[in-house]
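A.B. asks: I would like the atomic coordinates for the input below:
(2 chains)
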Amino acid sequence: MGEEMGEDLGGQAGGQADGQAGVQVSQRAFLSTRKGLFELRRTGDDWGFGPIHFLGEPVSIALFDKRDGSLYAALNLGHFGVKLHRLDAGSASWTEIAAPAYPPKPDSGASGDTDPVEWTNRLIWSLEAGGQDQPGVLWAGTLPGGLFKSGDRGATWELVRALWDVPQRKEWFGGGYDVPGIHSICVDPRNSDHLLVGVSCGGVWRTEDGGASWRTSATGMRADYMPPELNENEAVQDPHRIVRCAGAPDVLWCQHHNGMWRSSDNGLRWKEITDVPLSCFGFAVAAHPRDGGTAWFAPAEADQRRIPVDASLAVTRSRDGGLSFTALRQGLPQQHCYDLVYRHGLAVDDDGASLLMASTSGGVWTSADGGDSWRTLSTTLPPVYAVCFG
Amino acid sequence: MARLVFTQQLARFTPVPQVDTAALHLRAALDSAFALNPLLRGYVLDDQGHLRANVAIFIDGRRCADRRQLNDPLQTDSTVHVLQALSGG
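C.D. replies: From the prediction side, this is the model:
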């Protein structure tokens, strides 16, 4: 369980070729923070600050939709609830669009079997674009555990009832927040109707029919925070973050509350990654866009002490499918560092070499060489919830 | 006519009309404002149509009693203030 409690944009995003055919390097990146959406702009291998959007407002997650150049920002206003805004490509102003909203909660009826969960959107925790063949389709994962789909770029949303209504949802519980939440949505680039979603704490779920039906997909994971007889219950696992390798879509990586896992069969079975340096605890993981053997993690000391190991910040990287890891430290603070990287606080660009990482303490670091070395962009930003390239 | 006055804190996010309404109950009065700006509903009410936890409504200086049904009666000369509650930060 985690501890996440808690304008001028102008122009098309786009990128520049980095020498690999078809691979674009993002010219922008975005930090979703407690005090606004901070835009970064690339200059060569370096990054600087651009405009700040929604300054002063909590931004829980942002999405750059490569399909049409739109940028989405999810706000969580302290008084006035969850809001969603879209910035169309080429536009200089944001438009407020519909926020996912739960349908009326039914009465308990004669059975008295009342859902203890309030049917109210408390946070947009994840936001993902649908497949290339589904323009306009968006997916939103929320607290208290509802997955929503839009077919019209966020003009309207519908709760995915088939997942909301699975009997096992009664077993879900909060991890990072008081209520369950969906933080990871992995669309299969080979078939847009195939999705994998991660729930804290409700395990991993898969659909192969666009969301009409769901089944658990957490075989191999282990929940040490449960009684022994429930350790392997797939519906109570706490995958902190799940990411897919776009170029090798059968490969998925998971930073779990109780360790690190990898799947090479599209999430049907998960194999625990062991003998990792520093720690197997953490929240964030980023998958290389093409190399299924490469991923980056941001380890924290332990569940009981959520700080960098020895107060010294490091990223761990595997290039062999999790068999071995290298701890990467160059350029990262090595003394008196208490920065924690949340679930969405680590991202890799399409070139597989540009990395962006940001922390709860407002630290922001970039790498242009796959994590071998890092540059500090700031240590004084608001707490950062999520980062993305765009 | 009862008068609805929304906090200008809300105007940072969405237009907040000042509404004079013949409604006899709070929810109907709010609906008349939401008709002018449908986005306003989501700022004041949650998904279930209940008053948001960190929004406060005062009717003639008296705090709204029923945050779920919002069926507090209004007088023809009532003034309704929709405010942000300090509990929300």
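
A.B. asks: could you pull out the strands for the stretch 201-350 of chain A?
C.D. replies: With DSSP state E, counting those that start in this stretch as the criterion, the stretch 201-350 of chain A has strands at A:203-207, A:215-216, A:239-244, A:252-256, A:259-263, A:271-273, A:281-287, A:295-300, A:315-318, A:326-328, A:346-348.

A.B. asks: With chain B instead?
C.D. replies: For chain B, the strands defined by DSSP state E occupy B:2-6, B:19-21, B:55-59, B:62-63, B:79-84.

A.B. asks: quick revisit: need the strands of the stretch 201-350 of chain A in JSON lines (columns: distance to residue A:80).
C.D. replies: (C-beta placed from N, C-alpha, C; glycine too.) Conversion of the strands of the stretch 201-350 of chain A to JSON lines gives the following (distance: least, C-beta to C-beta, whole Å):
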{"stretch": "strand A:203-207", "distance to residue A:80": "31"}
{"stretch": "strand A:215-216", "distance to residue A:80": "36"}
{"stretch": "strand A:239-244", "distance to residue A:80": "28"}
{"stretch": "strand A:252-256", "distance to residue A:80": "33"}
{"stretch": "strand A:259-263", "distance to residue A:80": "38"}
{"stretch": "strand A:271-273", "distance to residue A:80": "42"}
{"stretch": "strand A:281-287", "distance to residue A:80": "28"}
{"stretch": "strand A:295-300", "distance to residue A:80": "32"}
{"stretch": "strand A:315-318", "distance to residue A:80": "37"}
{"stretch": "strand A:326-328", "distance to residue A:80": "41"}
{"stretch": "strand A:346-348", "distance to residue A:80": "29"}
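
A.B. asks: Reformat those strands into TSV and put mean pLDDT, distance to chain B and mean neighbour count next to each item.
C.D. replies: Below are the strands of the stretch 201-350 of chain A laid out as TSV (pLDDT from 0 to 100; distance: least, C-beta to the nearest C-beta, whole Å; neighbours: other C-beta atoms under 10 Å in any protein chain shown):
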stretch	mean pLDDT	distance to chain B	mean neighbour count
strand A:203-207	98	22	23
strand A:215-216	98	27	15
strand A:239-244	98	26	26
strand A:252-256	98	30	28
strand A:259-263	98	34	24
strand A:271-273	98	38	18
strand A:281-287	98	24	27
strand A:295-300	98	27	26
strand A:315-318	98	33	23
strand A:326-328	98	37	17
strand A:346-348	98	28	24
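
A.B. asks: Would you mind giving the strands of chain B as JSON lines with distance to residue A:214, mean neighbour count and mean pLDDT added?
C.D. replies: Conversion of these to JSON lines gives the following (distance: least, C-beta to C-beta, whole Å; neighbours: other C-beta atoms under 10 Å in any protein chain shown; pLDDT from 0 to 100):
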{"stretch": "strand B:2-6", "distance to residue A:214": "41", "mean neighbour count": "20", "mean pLDDT": "96"}
{"stretch": "strand B:19-21", "distance to residue A:214": "44", "mean neighbour count": "17", "mean pLDDT": "95"}
{"stretch": "strand B:55-59", "distance to residue A:214": "35", "mean neighbour count": "20", "mean pLDDT": "96"}
{"stretch": "strand B:62-63", "distance to residue A:214": "43", "mean neighbour count": "11", "mean pLDDT": "96"}
{"stretch": "strand B:79-84", "distance to residue A:214": "38", "mean neighbour count": "19", "mean pLDDT": "96"}
